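**Q** with the sequence up front, the predicted model follows.
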Amino acid sequence: MAGPETDAQFHFTGIKKYFNSYILTGRMNCVLATYGGIALMILYFKLRSKKTPAMKATLTWTSSVKFRCLEKLMSTHHAILNLYNKL
Amino acid sequence: MNENLFASFAAPSMMGLPIVVLIVMFPSILFPTPSRLINNRLISIQQWLIQLTSKQMLAIHNQKGRTWALMLMSLILFIGSTNLLGLLPHSFTPTTQLSMNLGMAIPLWAGTVVTGFRYKTKASLAHFLPQGTPLPLIPILVVIETISLFIQPMALAVRLTANITAGHLLIHLIGGATLALINISATTAFITFIILILLTILEFAVALIQAYVFTLLVSLYLHDNT
């Protein structure tokens, strides 16, 4: 059975001292690292943008100053036309 | 036919009121309480049986595990007596209900897991990775061990439910077949009757074995976590 008494026979150095499948601490750290990795993957897929590059370009254009000026010009043009038709 | 086959597993009610609670509590009346220093034969036999079972079951446990002695003994007595009473004709067996068995399995399993994480956090976490696992297999094995941990209460409950339900269904079917064959062929009916007797003896054994297996597995989960 694994325990502190059997852990004494293993002597690891470097990163293997903290991440191995022989001593209690090493096994615990491997388990926690696996859970952390799974949690990070889930977080990454949840937070990543679902918009495609074409959609992003369209949205950038529609939110730009040029587009807003053009939109205002068109609405003014439509207002003048309506006024002319009423007269 | 279909309606008759599963009618015995329906929750019983009397005059519109559910009496399943009374049926669950009924086996406790059958265990007399010792009230004297030297009791009568029945209570002495009961005490001897409980002592024998508890000695056998708690031998592997340390001081902490033995605090669960009352819980484990109550569990084996309850499941054993309920299963045996269910073999009486036209009786209702609570342990055929998955809800009942899940209600026993999940809290007991969760209790052992929480005890393990509370008092031996490092060992409980390290338990998810078997010693000596090769490096490439570590992530997949951790996932597999986690899944196997969460399947334990489901397996406990479903094992008991399936065993007792299957046994009762078989008795019902073979009993029905025996009755149907009496008018057709007496010899075949006799052979079927012998099979029915053997099956009933088997069901007596299964009733006690399933109680023992359920309690033993809870005891093993406790041993892993204490």
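**A** Cool, got the structure.
**Q** what about stretch B:186-196, distance to the chain center?
**A** The chain centre lies 30 Å from the centre of stretch B:186-196; the measure is Cα atoms, centre = their mean, to the nearest Å.
**Q** an error on my part: the question was meant for stretch B:20-36.
**A** Worked out by Cα atoms, centre = their mean, stretch B:20-36 lies 18 Å from the chain centre.
**Q** how long is that stretch end to end?
**A** Using Cα to Cα, to the nearest Å, the end-to-end distance of stretch B:20-36 comes to 33 Å.
**Q** could I get the buried residue list for it?
**A** For stretch B:20-36, the buried set under the neighbour-count rule, 16 or more other Cβ atoms under 10 Å in any protein chain shown, comprises B:23-24, B:27. Any C-beta I mention is one placed from the backbone N, CA and C, and that applies to glycine too.
**Q** from those, which is closest to chain A?
**A** The shortest separation between chain A and any of the buried residues of stretch B:20-36 is 37.8 Å, and it belongs to residue B:27 (by Cβ to the nearest Cβ).
**Q** okay but that closest one is in contact with residue B:83, surely?
**A** No. The pair residue B:27 and residue B:83 does not pass the contact test of Cβ atoms under 8 Å, sitting 9.8 Å apart.
**Q** can you pull the contacts of residue 31?
**A** Let's take chain A. With contacts defined as Cβ atoms under 8 Å, 6 or more residues apart in numbering or on different chains, the neighbours of residue A:31 are B:125-126, B:128-129, B:142.
**Q** actually, chain B is the one I wanted.
**A** Residue B:31 sits in contact with B:46, B:77, B:81, where contact means Cβ under 8 Å, 6+ apart.
**Q** show me those that map onto helices.
**A** Here DSSP state H is the test, and the contacts of residue B:31 give B:46, B:77, B:81 as lying in helices.
**Q** now do the same for the closest residue to the second one other than its chain neighbours: its pLDDT.
**A** Read it as residue B:77. Residue nearest to residue B:77 in three dimensions, not counting chain neighbours: residue B:31, with 6.8 Å by Cβ to Cβ, 6 or more residues apart in numbering or on different chains. At residue B:31, the model reports a pLDDT of 91.
**Q** residue A:64 now?
**A** 68.
**Q** over to the one 3 residues further on?
**A** According to the per-residue confidence, residue A:67 scores 71 in pLDDT.
**Q** now it: which helix or strand?
**A** helix A:65-86 (DSSP states H and E).
**Q** dihedrals phi and psi, residue A:20?
**A** Backbone torsions of residue A:20, given as degrees, to the nearest 10, read phi -150, psi 170.
**Q** so it touches residue A:26, yeah?
**A** Yes. With contact defined as Cβ under 8 Å, residue A:20 and residue A:26 form a contacting pair (3.6 Å).
**Q** could you tell me which residues touch both of these two?
**A** The contact sets of residue A:20 and residue A:26 overlap at residue A:12 (Cβ under 8 Å, 6+ apart).
**Q** for chain A, what spans make up the strands?
**A** Assigned by DSSP state E, chain A shows no strands.
**Q** got the residues of chain B near chain A?
**A** Where proximity means Cβ under 8 Å from any Cβ of the partner chain, the interface of chain B facing chain A comprises B:122-123, B:125-126, B:128-135, B:138-139, B:142-143.
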